[in-house]
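> have a look; sequence and predicted model below, questions after that.
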Amino acid sequence: MNLKKIFKNKKIIVTGHTGFKGSWLTCWLKNLGAKVIGFSISVPTKPSHYISAKINKNITDVRGDIRNLNSLKKCFKKYQPDFVFHLAAQSLVKKSYKNPNKTWHTNLIGTLNVLESLREMKKKCVAVIITSDKCYKNIEQKKGYKEDDSLGGHDPYSASKASAELLIKSYIESFFPLKKTKVIIGVARAGNVIGGGDWAQDRLIPDCVRSWSKGKKVIIRNPKSTRPWQHVLEAAGGYLCLAVNLKLNKKLHGQPFNFGPNLSKEFTVLDVMKSMNKYWNNVHWKISSDSKKKFYESGLLRLNCEKAKKILKWQSILKLDEVMDMVSNWYSKFYQNPKNAAYNTNEQIKKYQYLMIKKGSKCAKIF
C-alpha cells in the first residue's frame with residue numbers, strides 16, 4: 001500500500017471542521033488529496049482560521065448540530081465516508097461552568113450521535129474520535145498519565161470528556177466487536193494545542209495576541225500552571241497517523257492514544273510567555289492580583305506518550321521555541337495582511353512535513 005496516497009480521493013467526514021483544530025486538520029487533508037465533508041453548526045469565532053485561511057474552498061461544507069442525531073445520520077448516509085475524524089466539541093473549561101448543559105450535550109450526546117451514525121455504516125470505515133488530555137483523573141502526578149490511568153474530571157468539560165471515553169468503550173464492546181465490525185475506531189487524547197488561527201476566548205495565546213496587537217498588557221491567571229503544550233500540527237499529525245495505523249492494523253480497534261510533547265521538561269504558562277517574547281515585539285503581561293479562583297483549573301497536567309511512540313511510531317518533534325516561533329510567525333503575518341492566512345497555513349504544513357523528515361519521524365512516510 002502506498003501510504004502517501006492513503007487519503008487521496010477518500011471521502012472523509014470531519015466534525016467540527018470550522019473550529020481551530022478542525023480547520024488545520026481539514027486543510028492538511030485537502031493537501032493530501034482527500035474529499036473532505038465538514039460537519040459543523042457554525043463558524044465559532046471571529047476572526048476565524050476557517051474563513052481567513054479559506055479552508056471552505058474545495059470541500060463539502062455541511063451545516064448541522066452534532067446534538068441532532070437525524071441531521072448527522074443523514075450526512076453519514078449521504079456521503080458514506082472512508083474515514084471520520086470527530087472533533088466537534090465545547091472545548092473550554094471556563095465556558096463549561098457558564099453553560100454545563102450545552103457542554104454535556106455537545107461532548108457526550110454529540111459523541112453518542114457519531115457512534116450511532118457509524119452503526120449504520122455498511123462499508124469499511126476508520127473513525128478517530130478526539131477526546132482530551134483532561135479526561136484523566138488529575139492528581140497532579142509528575143510522571144505523566146498513561147492510557148490505562150483512571151478517568152475523571154473536576155469541571156464539567158473534563159467530566160464530559162471522561163464520560164465520552166466510557167461511552168466509546170461501551171459502544172465498541174456492544175456494537176462494534178472486532179470480528180464482526182467494518183468500522184474500526186480509535187481514540188485520541190491530545191495535550192494543550194496552540195497555533196496560528198486560534199481566536200477562542202479565555203485561551204492563553206489568543207488572549208495574548210489580541211492584547212499585544214493593540215499594545216496592551218495581557219492578564220495572566222496562573223503563571224505557574226504547567227500544560228502539555230504542543231503545536232496544532234503535532235496533534236493533527238497524530239490523528240492522521242492513528243487513522244493510518246487503524247487502517248493497516250485492526251487489532252488497534254478501540255484503543256486510546258495520547259498525543260503530547262516529550263516529558264523531558266515541563267513548561268509553565270510563564271515559560272510560554274518568555275519563549276514567545278523572543279519572536280513577538282512589545283510583549284507585556286501582568287500577573288492577576290486576584291488570589292481567589294473563580295473556577296477550578298489544574299496546576300500540573302502531563303501526558304505519557306510512549307504508547308503512541310512504540311505502536312504508532314509517532315512522536316512530538318518540535319521544541320517549545322520552535323512551536324512559539326511558528327505561532328508568532330503566523331499571527332504576526334496575519335496582522336500584517338489577513339489575506340495571506342491561507343498561504344501562511346499551507347507553508348507551515350509544508351514546513352512541518354519537512355521537519356518530520358529531517359528529524360527522522362517514522363510517521364513522515366504517510367505524507
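Nice, I can see it.
> contacts for stretch 119-129?
Residues from elsewhere that reach stretch 119-129, judged by C-beta atoms under 8 Å, 6 or more residues apart in numbering: 73, 76-77, 80-86, 111, 114, 118, 164, 168, 175-176, 182-188, 239, 242-243, 246-247. Quick note: C-beta positions are derived from backbone N, CA and C, even for glycine.
> now, which of the residues you listed lie within helices?
Mapping the contacts of stretch 119-129 onto helices (DSSP state H) picks out 73, 76-77, 111, 114, 118, 164, 168, 175, 239, 242-243, 246-247.
> could you give me the PyMOL syntax to select whichever of the residues you listed are buried?
In PyMOL, this line selects whichever of those come out buried by 16 or more other C-beta atoms under 10 Å:
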select buried, resi 73+76+111+114+118+164+168+239+242+243+246+247
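> ok, so of the ones in helices among the contacts of stretch 119-129, who is nearest Thr103?
Using C-beta to C-beta, Ala164 is the member of these that lies nearest Thr103, at 11.2 Å.
> re earlier: go through the ones in helices among the contacts of stretch 119-129 and name the one nearest Ala341.
Checking these against Ala341 by C-beta to C-beta gives Tyr239 as the nearest, at 21.9 Å.
> so what's the closest one up against?
Neighbour list for Tyr239: Leu25, Phe85, Val128, Ile130, Ala188, Ala190, Phe259 [criterion: C-beta under 8 Å, 6+ apart].
> and which of the residues you listed is nearest to Lys319?
Phe259 (16.5 Å).
> list the contacts for the nearest residue to that closest one once chain neighbours are set aside?
Spatial nearest neighbour of Phe259, excluding adjacent residues (C-beta to C-beta, 6 or more residues apart in numbering): Gly238 at 3.5 Å. Residues near Gly238 by C-beta under 8 Å, 6+ apart: Ala188, Ala190, Phe257, Phe259, Ala308, Leu312, Trp314.
> redo those residues as CSV? Include secondary structure and neighbour count.
Listed next are the contacts of Gly238 as CSV, based on DSSP: H, G, I helix; E, B strand; the rest coil; neighbours: other C-beta atoms under 10 Å:
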residue, secondary structure, neighbour count
Ala188, strand, 23
Ala190, strand, 25
Phe257, strand, 24
Phe259, strand, 28
Ala308, helix, 26
Leu312, helix, 23
Trp314, coil, 26
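> farthest-separated two in these?
By the measure C-beta to C-beta, Ala190 and Leu312 form the most distant pair in the contacts of Gly238, at 13.3 Å.
> can you read off the pLDDT for Pro228?
Pro228 carries a pLDDT value of 80.
> next: Glu266.
Note on Glu266: pLDDT of 74.
> on the three-state scheme, His105 is what?
On the three-state scheme (DSSP: H, G, I helix; E, B strand; the rest coil), His105 is labelled helix.
> for it, which non-adjacent residue is spatially closest?
Excluding its sequence neighbours, the residue lying closest to His105 (C-beta to C-beta, 6+ apart) is Arg67, at 5.2 Å.
> touching, the one you found and Leu108? I think so.
No. Contact criterion C-beta atoms under 8 Å: Arg67 and Leu108 do not qualify, at 9.7 Å.
> that older thread, would CSV of the contacts of Tyr239 with pLDDT and distance to Leu355 be doable?
Output for the contacts of Tyr239, formatted as CSV (pLDDT from 0 to 100; distance: C-beta to C-beta, whole Å):
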residue, pLDDT, distance to Leu355
Leu25, 98, 18
Phe85, 98, 22
Val128, 98, 23
Ile130, 97, 23
Ala188, 98, 21
Ala190, 91, 19
Phe259, 95, 16
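> format the residues you listed as JSON lines; extra columns: distance to Ser211.
Formatted as JSON lines, these follow (distance: C-beta to C-beta, whole Å):
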{"residue": "Leu25", "distance to Ser211": "28"}
{"residue": "Phe85", "distance to Ser211": "32"}
{"residue": "Val128", "distance to Ser211": "35"}
{"residue": "Ile130", "distance to Ser211": "29"}
{"residue": "Ala188", "distance to Ser211": "32"}
{"residue": "Ala190", "distance to Ser211": "26"}
{"residue": "Phe259", "distance to Ser211": "29"}
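> closest to Lys286 out of those?
Nearest member of these to Lys286, counting by C-beta to C-beta, is Ala190, at 29.7 Å.
> where along the stretch 51-200 of the chain do the strands fall?
In the stretch 51-200 of the chain, the segments counted as strands under DSSP state E, counting those that start in this stretch are 60-63, 83-86, 125-130, 183-190, 193-194.
> next one: phi and psi at Ala200?
Main-chain torsions, Ala200, degrees, to the nearest 10: phi -70, psi 150.
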